[in-house]
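Novice: no sequence for this one, just the structure:
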């Protein structure tokens, strides 16, 4: 069975210019924040940093006071086996339950037995139900 839990994710918008990621990460480090997951996407005008951190409730006000625009969302953290086809099986489970994946990001160390995905869906309950019964092959 895959491990599934809800996590609070922060989205932070950065100006698309040198030093902004350094400024954000320094602000988090100085506040003693442990980053558990991170994704950065860019557009012409700004970068979008998505973070799962150990203390999300205290972070948005801190970031807002330092000039960053911070939004909160609830996502799922899904642990999968680190093998070929796991992501396909995972996506099939959600598709079979008619749950749309808005976005996801994840990572795995090459020799680690499991991978972690952070997944944004609108229907968290349906996604959790679909994944709770799933036994990755």
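Specialist: Yes, it's here. No experiment lies behind these values; they were computed from the predicted model shown. Numbering: from 1, shown residues only.
Novice: okay, and residue 27 sits in which element?
Specialist: Assigned by DSSP states H and E, residue 27 belongs to helix 20-30.
Novice: report all helices and strands that that helix contacts.
Specialist: On a contact count with 3 or more Cβ pairs under 8 Å, 6 or more residues apart in numbering; DSSP states H and E, helix 20-30 meets strand 3-15, strand 35-42, strand 46-53, helix 56-65. Where C-beta positions appear, they are placed from N, C-alpha and C, glycine not excepted.
Novice: state the mean pLDDT of that helix.
Specialist: For helix 20-30, the mean pLDDT works out to 92.
Novice: low-confidence ranges in the protein?
Specialist: Along the chain, segments meeting pLDDT under 70 span 1-2.
Novice: report the central residue of it.
Specialist: For the chain, the residue sitting closest to the mean C-alpha position, by Cα atoms, centre = their mean, is residue 118 at 3.7 Å.
Novice: partner residues bridging residue 49?
Specialist: Following DSSP bridges, residue 49 is listed with bridge partners residue 12, residue 40.
Novice: can you tell me, leaving aside adjacent residues, what's nearest to residue 20?
Specialist: Using Cβ to Cβ, 6 or more residues apart in numbering and skipping residues adjacent in sequence, the residue nearest residue 20 is residue 14, 4.1 Å away.
Novice: please look at the one you found and residue 66 and confirm they touch.
Specialist: No: Residue 14 is beyond contact range of residue 66, at 11.6 Å (criterion: Cβ atoms under 8 Å).
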